[in-house]
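>>> let me see the structure of the following:
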Amino acid sequence: MKKIIETSRLYFRCFLPSDAKEMFRLNNDPDVIRYTDDPPFASIQEANAFLLAYDQYEKNGFGRWAVIHKETEEWLGWCGIKRNEEELIDLGYRFHKEHWGKGYATEASVAVRDYAFKTLNISQLIGRVAQENAASIRVLEKIGMQFWKHGPCGHHANALYFHIRRPSPEESLK
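Prediction:
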């Protein structure tokens, strides 16, 4: 299993079929998917089918990655980037509710931001969030994203779009 990114507490790896149970549990928590467009998986088998069909690593060279706690090997959730319908590179994350408020979303998002800019040479990242999702807005702001515009995102007709550009060599990231 190849580690894509590491932080002091976390590592990121590609999704595996063995992640199906955790993906099922994650997407079946109404609080976790409250602000997303994703319906819950009907079964662990449906989550497994999703994972088996996930082609973003081959298609784009990046995607959403499983986030694993280094000390405990616990599957915390996922974080990563994807090319959205507007061909923009969208940073996103989702963590089990019992791990909210521990700084994992911010830590993971900083690591993905830095990987996207430094390793993948991506020039800009966006984050899209429902206006009511104050916790995710704070995460995007903490990693240096700034409000950009309002726009549609799934069933949210007036979502908030945040963005950040890769710093020039003279600039540094927060």
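>>> give the other helices and strands that the helix or strand where residue 80 lies contacts.
For residue 80, the host element (DSSP states H and E) is strand 75-83. Under the contact definition 3 or more C-beta pairs under 8 Å, 6 or more residues apart in numbering; DSSP states H and E, strand 75-83 sits against strand 10-13, helix 20-27, helix 56-60, strand 64-69, strand 89-95, helix 104-118. C-beta: built from backbone N, CA, C; applies to glycine.
>>> if we compare these, which one ends up closest to residue 154?
Nearest of the helices and strands packed on strand 75-83 to residue 154, taken as C-beta to C-beta: strand 89-95 at 11.7 Å.
>>> circling back to that earlier point, could I get the helices and strands packed on strand 75-83 as JSON lines with mean pLDDT, mean neighbour count and distance to residue 135?
JSON lines is the format used below for those (pLDDT from 0 to 100; neighbours: other C-beta atoms under 10 Å; distance: least, C-beta to C-beta, whole Å):
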{"stretch": "strand 10-13", "mean pLDDT": "98", "mean neighbour count": "19", "distance to residue 135": "18"}
{"stretch": "helix 20-27", "mean pLDDT": "97", "mean neighbour count": "19", "distance to residue 135": "16"}
{"stretch": "helix 56-60", "mean pLDDT": "95", "mean neighbour count": "13", "distance to residue 135": "25"}
{"stretch": "strand 64-69", "mean pLDDT": "98", "mean neighbour count": "22", "distance to residue 135": "16"}
{"stretch": "strand 89-95", "mean pLDDT": "97", "mean neighbour count": "20", "distance to residue 135": "11"}
{"stretch": "helix 104-118", "mean pLDDT": "97", "mean neighbour count": "20", "distance to residue 135": "8"}
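>>> can you list these in CSV and add distance to residue 165?
Converted to CSV, the helices and strands packed on strand 75-83 look like this (distance: least, C-beta to C-beta, whole Å):
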stretch, distance to residue 165
strand 10-13, 23
helix 20-27, 31
helix 56-60, 19
strand 64-69, 22
strand 89-95, 11
helix 104-118, 9
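>>> just for the protein, where's the confidence low?
170-174 (pLDDT under 70).
>>> neighbours of the residue nearest to residue 117 when sequence neighbours are not counted, how many?
Nearest residue to residue 117 in three dimensions, chain neighbours excluded: residue 166, at 4.2 Å (C-beta to C-beta, 6 or more residues apart in numbering). Neighbours of residue 166 under the rule other C-beta atoms under 10 Å: 17.
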